[in-house]
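Colleague: Here is the input, now give the coordinates:
(chains A, B, C and D)
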2 protein chains.
Amino acid sequence: MGDDSTAAREPASRQLAQQLRDQISRGELAPGDRLPSERVMAEEHGIARNTAREAVRLLTDEGLVTAEHGRGAFVRARPRLMRFGQHRYSRKVREETGLSPFHAEVIAQALTPNATLDRIGRVQPPAHVAERLDVSPRTRSVVERVNWYFVDGEPVQIGTTYIPWEIAKATELASGDSLGAGDLYARFEDQGYAITYTREEVTARMPTRDEARDLRMPSGVPLLVVTHTGLDAQRRPFELTEFKMRADHSGLDYTMKVDD
Amino acid sequence: MGDDSTAAREPASRQLAQQLRDQISRGELAPGDRLPSERVMAEEHGIARNTAREAVRLLTDEGLVTAEHGRGAFVRARPRLMRFGQHRYSRKVREETGLSPFHAEVIAQALTPNATLDRIGRVQPPAHVAERLDVSPRTRSVVERVNWYFVDGEPVQIGTTYIPWEIAKATELASGDSLGAGDLYARFEDQGYAITYTREEVTARMPTRDEARDLRMPSGVPLLVVTHTGLDAQRRPFELTEFKMRADHSGLDYTMKVDD
DNA sequence: TAGTGGTCTAGACCACCAT
DNA sequence: TGGTGGTCTAGACCACTAT
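Modeller: Numbers count the residues shown, from 1 in each chain, chains lettered A, B, ... in the order given. Sure thing, here's the model as predicted:
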């Protein structure tokens, strides 16, 4: 802060946190650098280790720093932000590359994508899914496909796709077999559902412990939750995917026409 | 957890946190309920107060609980989520209601909106703004308008709008006077810029201390950051607004046509 | 093995809120 | 005033990483 009378009223842990924040913003501590150890900072500032520890915690909660057990606390390097927009559903992209939207987007950024089908089954849809897909929530009437998405080997997104059973049955969409060229949306087109509109509902929240573990998320990183509904030319919904993305790796970028 | 061998390996603070999580998800602790005090939980579980405190902290970091100094720790009530979409820029909505996009949206949800112009000035645009507005970053060539948005008296969004000086000069856009009927986008239309396309870039991150204070954000709530660019029919950018929204109050809801 | 962060103890005092 | 969360101390042992 610089102002003595103000600083003196601040708890020691916050003063130390502010000092570290300043060093980071001035570049004295660069991304990837290790902070002094808690014990060292405690001794240097004449405070208890727990107080220094609290300072580091404040910074990890802000997403500025990540602590690694046994190694130290490091200034977070901002990974390249991948931006996903509505053109990931483009037919042209699909036909020209034969790739899924995710693969096309990641390759376009000169990184290495990978996706795996983690789980597939026939389930009762959650209420918000049933509502958007216009199916009954009380029957096992949708196929659920859980996909994990990786960039350079690191998991960055988990996508759960729900497809009405009437559409998916007797196709690769329900069987778990390879989806073939053009991936998911090409198979929908085979069934007469060409994706024409997409509704994207976006929220953010902190991950649960399980989500943080699955996506190897450092603390202080929120989850971006995108509920995507695929609609055909008649605006009939035929597919819903809920994406959970690490907000430090992924963002969204939509360009759309404004309603009249 | 229920599984002794697993639970025994979990630290006491996490075990207590999990127990509280379970009580919340079972409804035994309902939104708004106060948790037992740290001292009470410590005694009941035969642990130190700091250990019970750590359990509560884990829950606040997940956004499940908020602690209030001197009062207690409470199960967070999920406020109604407001959804903002591209129709907030609709000319029809504007002309029929005479309201700004924000006002129209909040009133539609039966809540009370309020917005104030906090600051206005002529500045050098930040690099990402200059790039998107296609103006030079080295001159004081954009008007910056900082608006605060309130729902039922609570601040929920801060929007910073940048307008090229050539467009804003000699209009209410630059003077800080009332914008009149139809608000911002009606004034752009006066200048020959009818909003036709909108580009919306969405990311999420934890708030800084200042942002958390300004928006009175409890810990464990991320910030949704939306960079909106307004484009006319020729896809010329004429305005950029960066919204910072409390992710627990606001979400986004876009429906758009998929690119060919 | 030495050094790091992760967890925990058993206290203490302060700041805030309700009564 | 008594109870709450917020901060702090001065230790301790454990779990993990690197050498």
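Colleague: quick one: low-confidence ranges for the stretch 101-250 of chain A?
Modeller: Counting by pLDDT under 70, the stretch 101-250 of chain A has low-confidence residues at A:180-182.
Colleague: Where do the strands of it begin and end?
Modeller: For the stretch 101-250 of chain A, the strands defined by DSSP state E, counting those that start in this stretch cover A:113-123, A:142-151, A:154-164, A:197-205, A:223-231, A:237-246, A:250-257.
Colleague: Quick check: residues of chain A near DNA strand C?
Modeller: A:35, A:37-40, A:49-50, A:53, A:56, A:67-73 (Cβ under 7 Å from any atom of the strand). C-beta coordinates here come from the backbone N, C-alpha and C atoms, glycine included.
Colleague: can you tell me which of these are in helices?
Modeller: Using DSSP state H, the members of the residues of chain A next to DNA strand C that fall in helices are A:Glu38, A:Arg39, A:Val40, A:Arg49, A:Asn50, A:Arg53, A:Val56.
Colleague: okay if I get the strands of the stretch 101-250 of chain A as JSON lines plus distance to DNA strand D and mean neighbour count?
Modeller: As requested, the strands of the stretch 101-250 of chain A are exported to JSON lines (distance: least, Cβ to the nearest atom of the strand, whole Å; neighbours: other Cβ atoms under 10 Å in any protein chain shown):
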{"stretch": "strand A:113-123", "distance to DNA strand D": "23", "mean neighbour count": "15"}
{"stretch": "strand A:142-151", "distance to DNA strand D": "20", "mean neighbour count": "20"}
{"stretch": "strand A:154-164", "distance to DNA strand D": "16", "mean neighbour count": "21"}
{"stretch": "strand A:197-205", "distance to DNA strand D": "21", "mean neighbour count": "22"}
{"stretch": "strand A:223-231", "distance to DNA strand D": "24", "mean neighbour count": "22"}
{"stretch": "strand A:237-246", "distance to DNA strand D": "20", "mean neighbour count": "22"}
{"stretch": "strand A:250-257", "distance to DNA strand D": "25", "mean neighbour count": "20"}
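Colleague: Could you export these as JSON lines, including distance to A:Gln18?
Modeller: Output for the strands of the stretch 101-250 of chain A, formatted as JSON lines (distance: least, Cβ to Cβ, whole Å):
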{"stretch": "strand A:113-123", "distance to A:Gln18": "40"}
{"stretch": "strand A:142-151", "distance to A:Gln18": "34"}
{"stretch": "strand A:154-164", "distance to A:Gln18": "32"}
{"stretch": "strand A:197-205", "distance to A:Gln18": "26"}
{"stretch": "strand A:223-231", "distance to A:Gln18": "28"}
{"stretch": "strand A:237-246", "distance to A:Gln18": "27"}
{"stretch": "strand A:250-257", "distance to A:Gln18": "28"}
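Colleague: Format the ones you listed as JSON lines; extra columns: distance to chain B.
Modeller: Shown next, in JSON lines, are these (distance: least, Cβ to the nearest Cβ, whole Å):
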{"stretch": "strand A:113-123", "distance to chain B": "20"}
{"stretch": "strand A:142-151", "distance to chain B": "16"}
{"stretch": "strand A:154-164", "distance to chain B": "14"}
{"stretch": "strand A:197-205", "distance to chain B": "4"}
{"stretch": "strand A:223-231", "distance to chain B": "5"}
{"stretch": "strand A:237-246", "distance to chain B": "9"}
{"stretch": "strand A:250-257", "distance to chain B": "4"}
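Colleague: Of all these, which one is nearest A:Ala77?
Modeller: strand A:154-164 (13.0 Å; Cβ to Cβ).
Colleague: For A:Pro1, report the pLDDT, please.
Modeller: Rather than Pro, residue A:1 is Met. For A:Met1, the pLDDT comes out at 34.
Colleague: Next, work out how far apart A:Phe74 and A:Met245 are.
Modeller: 23 Å (Cβ to Cβ, to the nearest Å).
Colleague: Where do the domain boundaries of chain A fall?
Modeller: When chain A is parsed with automatic domain parsing, its domains come out as A:4-75, A:82-252.
Colleague: Could you say which of those is packed most deeply?
Modeller: Highest mean neighbour count of these: domain A:82-252, a mean of 18 (counted as mean count of other Cβ atoms under 10 Å in any protein chain shown).
Colleague: From the chain's centroid, how far away is it?
Modeller: How far domain A:82-252 lies from its chain's middle: 12 Å, per Cα atoms, centre = their mean, to the nearest Å.
Colleague: hmm, back to that, among the residues of chain A next to DNA strand C, which ones lie close to chain B?
Modeller: Among the residues of chain A next to DNA strand C, no residue is within reach of chain B (Cβ under 8 Å from any Cβ of the partner chain).
Colleague: of all those, which comes closest to chain B?
Modeller: Using Cβ to the nearest Cβ, A:Asn50 is the member of those that lies nearest chain B, at 8.6 Å.
Colleague: pLDDT value on that closest one, please?
Modeller: A:Asn50 carries a pLDDT score of 97 in this model.
Colleague: same check, this time on A:Ala7
Modeller: The model reports A:Ala7 with a pLDDT of 46.
Colleague: which residues touch A:Phe84?
Modeller: Residues in contact with A:Phe84, defined by Cβ atoms under 8 Å, 6 or more residues apart in numbering or on different chains, are A:Pro101, A:Phe102, A:Glu105, A:Ser250, A:Gly251, A:Leu252, A:Asp253.
Colleague: Right, and DNA strand C sits closest to which residue of the stretch 101-250 of chain A?
Modeller: A:Ser219 (8.5 Å; Cβ to the nearest atom of the strand).
Colleague: Tell me how far the closest residue to that residue other than its chain neighbours lies from A:Glu154.
Modeller: Distance criterion Cβ to Cβ, 6 or more residues apart in numbering or on different chains; nearest residue to A:Ser219, sequence neighbours excluded, is A:Thr60 at 5.2 Å. Relative to A:Glu154, A:Thr60 is positioned 19 Å away (criterion: Cβ to Cβ).
Colleague: ok, now A:Thr97?
Modeller: 22 Å.
Colleague: interface residues of the stretch 51-200 of chain A facing DNA strand D?
Modeller: Counting by Cβ under 7 Å from any atom of the strand, the stretch 51-200 of chain A sits next to DNA strand D at A:Thr51, A:Glu54, A:Glu68, A:His69, A:Gly70, A:Arg71.
Colleague: Try it again at 6 Å.
Modeller: A:Thr51, A:Glu54, A:His69, A:Gly70, A:Arg71 (Cβ under 6 Å from any atom of the strand).
Colleague: Would you report the backbone torsion angles of the residue in chain A that DNA strand D sits nearest to?
Modeller: Relative to DNA strand D, the nearest point of chain A is A:Gly70 (2.5 Å; Cβ to the nearest atom of the strand). Here is the backbone geometry of A:Gly70 (degrees, to the nearest 10): phi 80, psi -10.
Colleague: Retrieve the pLDDT associated with it.
Modeller: Value for A:Gly70, per-residue pLDDT: 95.
Colleague: now do the one 5 residues further on
Modeller: In this model, A:Val75 is scored at 96, pLDDT.
Colleague: Backbone dihedrals for it, both of them.
Modeller: phi -70, psi 130.
Colleague: so what's it up against?
Modeller: When contacts are counted by Cβ under 8 Å, 6+ apart, A:Val75 touches A:Ile24, A:Leu29, A:Ala30, A:Pro31, A:Gly32, A:Asp33, A:Leu35, A:Leu64, A:Val65.
Colleague: With respect to chain B, which of these is nearest?
Modeller: Nearest to chain B among those, with distances taken as Cβ to the nearest Cβ, is A:Leu64, at 8.9 Å.
Colleague: wait, doesn't that closest one sit right on A:Arg76?
Modeller: Yes: between A:Leu64 and A:Arg76 there is a contact at 6.1 Å, judged by Cβ atoms under 8 Å.
Colleague: which residues do these two both contact?
Modeller: With Cβ under 8 Å, 6+ apart as the test, A:Leu64 and A:Arg76 both reach A:Gly220.
Colleague: In a markdown table: the contacts of A:Val75, plus secondary structure.
Modeller: Converted to a markdown table, these look like this (DSSP: H, G, I helix; E, B strand; the rest coil):
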| residue | secondary structure |
| --- | --- |
| A:Ile24 | helix |
| A:Leu29 | coil |
| A:Ala30 | coil |
| A:Pro31 | coil |
| A:Gly32 | coil |
| A:Asp33 | coil |
| A:Leu35 | coil |
| A:Leu64 | coil |
| A:Val65 | strand |
